[in-house]
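Asks: The following block contains a protein sequence and its predicted model.
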Amino acid sequence: MIPYLNFNYIYPPRPEFKVAPEELYKFEENEFLAQPKYNGSCCLVFTNGDTCYVYNRHKNILSNVSTDIDFNQLAKSDHWYVYAGEYLNKSKIGEHGTKLNDKFIIWDILVWQDQYLVGETLADRLILLEEEYPSNRMRVTPEGVESYEHLCFTNIENVLKAPAYTCGFTKLFNQIIEVDLYEGLVLKKANSKLNFGFNEINNNDWQVKCRKPTKIYKF
């Protein structure tokens, strides 16, 4: 781990390699886990509880972020925290047939309590996230019960967390692509160690994406 004491942009881990859906079975050997690939904008949140910066993956401030999200709540103390995730801003239809917008979905943690987690495995980083935001796909609200299959609630309004799956990738892919919000899966080696995010293309040796076909994309 490396000290992170002041705001300094970090590029998020980014999958560059892709795999066809019919080859997903090759990754079913406990070395990889899968997270949903959401159809939004890749988003980085840098916060120390007092100051907050919300950027996209191109090192630009992410515009039109909802004021209904208190990103500073993602800081557990007055130290720096950096989260990687997806900001939903494309009016995609979610699991319940309605548009899901202006929500932040966490899928990785890069800095925790002033420590840049370089050298820490993906599994350890996800355990850290699970300890702080236990996976809970259902909650009770004044309006009734709210639930998701492929999203987890946190204790922060409009902040969600991506679940991680360790098996059944082909079946999961075929199920998840029926929903407009999901583009497919990102497969990641559980024991992979985080490298520095100094460039836009980084940490691509331990993750691969599998996307559903569209009018403009085919494997």
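Replies: The structure has been received and is ready for your questions. Residues are numbered from 1 along each chain as shown.

Asks: biggest strand in the chain by residues?
Replies: Ranked by number of residues, the top strand in the chain under DSSP state E is strand 103-112.

Asks: That one packs against which elements?
Replies: strand 41-47, strand 81-88, helix 122-132, strand 159-161 (3 or more Cβ pairs under 8 Å, 6 or more residues apart in numbering; DSSP states H and E). Every C-beta, even on glycine, is put in place using the N, C-alpha and C of the backbone.

Asks: Return the distance of that strand from the chain's centre.
Replies: Chain-centre distance of strand 103-112: 6 Å, with Cα atoms, centre = their mean, to the nearest Å.

Asks: quick one: contacts of it?
Replies: For strand 103-112, contacts defined as Cβ atoms under 8 Å, 6 or more residues apart in numbering pick out 4, 10, 12-13, 35, 38, 40, 43-46, 69, 71, 80-88, 116-117, 122, 125-126, 128-129, 133, 151, 154, 158-162, 186, 194, 197.

Asks: rewinding a little: among the helices and strands packed on strand 103-112, which is nearest V19?
Replies: Nearest to V19, of all the helices and strands packed on strand 103-112, is helix 122-132, at 17.7 Å by Cβ to Cβ.

Asks: and the gap between N48 and V82?
Replies: Taking Cβ to Cβ, to the nearest Å as the measure, N48 falls 10 Å from V82.

Asks: likewise T141?
Replies: As judged by Cβ to Cβ, T141 and V82 stand 29 Å apart.

Asks: So if I had to pick from the two, which one is more boxed in?
Replies: A direct count of neighbours by other Cβ atoms under 10 Å for T141 and V82 places V82 higher, at 25 against 7.

Asks: so that one touches C43, yeah?
Replies: No. Using Cβ atoms under 8 Å, V82 is not in contact with C43; the gap is 11.2 Å.

Asks: Contacts only, for N174.
Replies: Here N174 is in contact with P21 (Cβ under 8 Å, 6+ apart).

Asks: so what's the backbone phi/psi at it?
Replies: Main-chain torsions, N174, degrees, to the nearest 10: phi -60, psi -30.

Asks: Relative to D50, how far out is it?
Replies: On the measure of Cβ to Cβ, N174 and D50 end up 45 Å apart.

Asks: do N89 as well
Replies: Distance, N89 to D50, using Cβ to Cβ: 25 Å.

Asks: how about the helices of this structure, start to end?
Replies: 122-132, 169-176 (DSSP state H).

Asks: Reformat those as a markdown table; add mean pLDDT and distance to N204.
Replies: Shown next, in a markdown table, are the helices of the chain (pLDDT from 0 to 100; distance: least, Cβ to Cβ, whole Å):
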| stretch | mean pLDDT | distance to N204 |
| --- | --- | --- |
| helix 122-132 | 95 | 13 |
| helix 169-176 | 95 | 19 |
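
Asks: Please tabulate these in TSV, including the columns distance to Y55.
Replies: Shown next, in TSV, are the helices of the chain (distance: least, Cβ to Cβ, whole Å):
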stretch	distance to Y55
helix 122-132	19
helix 169-176	27
